[in-house]
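Trainee: this is a predicted model, with the sequence first.
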Amino acid sequence: GENVEQHPSTLSVQEGDSAVIKCTYSDSASNYFPWYKQELGKRPQLIIDIRSNVGEKKDQRIAVTLNKTAKHFSLHITETQPEDSAVYFCAAFPSGTYKYIFGTGTRLKVLA
Amino acid sequence: DTGVSQDPRHKITKRGQNVTFRCDPISEHNRLYWYRQTLGQGPEFLTYFQNEAQLEKSRLLSDRFSAERPKGSFSTLEIQRTEQGDSAMYLCASSLDGAYGFFGPGTRLTVL
């Protein structure tokens, strides 16, 4: 069945450094890949997304890259700030279904 | 607040009781999803509605779970004969065709 693996499960970086979170999906027909940020006790919120016809997308300090051949996609956060500390989830949207398959999450800690 | 709303926010019940949760999506959104999230895990897909039609249901969902969206607006999720394993955060999300999902604040269920 569809599966999304996410690494690492926890990530600590110094303020100002970059953070990279990687995901691998199993269904090659997946065509949409959102990233969600979830702060403690709050709802997941979309921070960036990418569709399968694009290799990279940037939004200020956040970027996502997609390698369709390898079925990998990654989240890159530059110049990290303490408010970036949260759990980040990647997700894949397999073609032909209506559901998002979420990764297991990465707890990012930005140390001041 | 024009976002997705859920009611109640918290529910404590005894094992064996029935519970019902409500989700009000963003008004023009035709797609509605229910997810379940346990501590340290990503959201797990439960079911999907397009307008009033339930088009997909997780195979993991037992017969004790049922969901409705009678007029294509709000949705309810009912759990019958609750078990301790049902304790989780139940998240609702809505979207417009082809767009990403906006999550509600969730209903935290505790089964004693």
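Mentor: Sure thing, it's come through.
Trainee: and the closest residue to chain B within chain A, what's its pLDDT?
Mentor: Closest residue of chain A to chain B, CB to the nearest CB: A:Phe102 (3.3 Å). In short, each C-beta sits where N, CA and C put it, glycine included. Looking at A:Phe102, its pLDDT is 94.
Trainee: with adjacent residues omitted, what lies nearest to it?
Mentor: Nearest residue to A:Phe102, sequence neighbours excluded (CB to CB, 6 or more residues apart in numbering or on different chains): B:Gly42, at 3.3 Å.
Trainee: if I look at the one you found, how far off is A:Tyr100?
Mentor: Taking CB to CB, to the nearest Å as the measure, B:Gly42 falls 9 Å from A:Tyr100.
Trainee: compare those two (neighbour count), which wins?
Mentor: A:Tyr100 (28 against 22; other CB atoms under 10 Å in any protein chain shown).
Trainee: if we can go back for a sec, mind listing what the residue of chain A closest to chain B touches?
Mentor: A:4, A:36, A:89-91, B:42-44 (CB atoms under 8 Å, 6 or more residues apart in numbering or on different chains).
Trainee: where does A:Glu83 fall, phi/psi-wise?
Mentor: The phi/psi pair for A:Glu83 (degrees, to the nearest 10) reads phi -70, psi -10.
Trainee: for the residue lying closest to it once chain neighbours are set aside, give me its contacts.
Mentor: Spatially, and ignoring its direct neighbours in sequence, A:Glu83 is nearest to A:Val110 (7.9 Å; CB to CB, 6+ apart). By CB under 8 Å, 6+ apart, A:Val110 lies in contact with A:12-15, A:19, A:80-85.
Trainee: show me what A:Gly57 is bridged to.
Mentor: Quick fix: residue A:57 is Lys, not Gly. A:Val64 (DSSP bridges).
Trainee: what's it in contact with, if anything?
Mentor: Counting by CB under 8 Å, 6+ apart, A:Lys57 touches A:48-50, A:63-64.
Trainee: what about stretch B:60-72, start to end distance?
Mentor: Using CA to CA, to the nearest Å, the end-to-end distance of stretch B:60-72 comes out at 24 Å.
Trainee: identify the residues contacting it?
Mentor: Residues contacting stretch B:60-72 (CB under 8 Å, 6+ apart): B:30, B:32, B:34, B:44, B:46-47, B:49, B:51-52, B:54, B:57, B:75-83.
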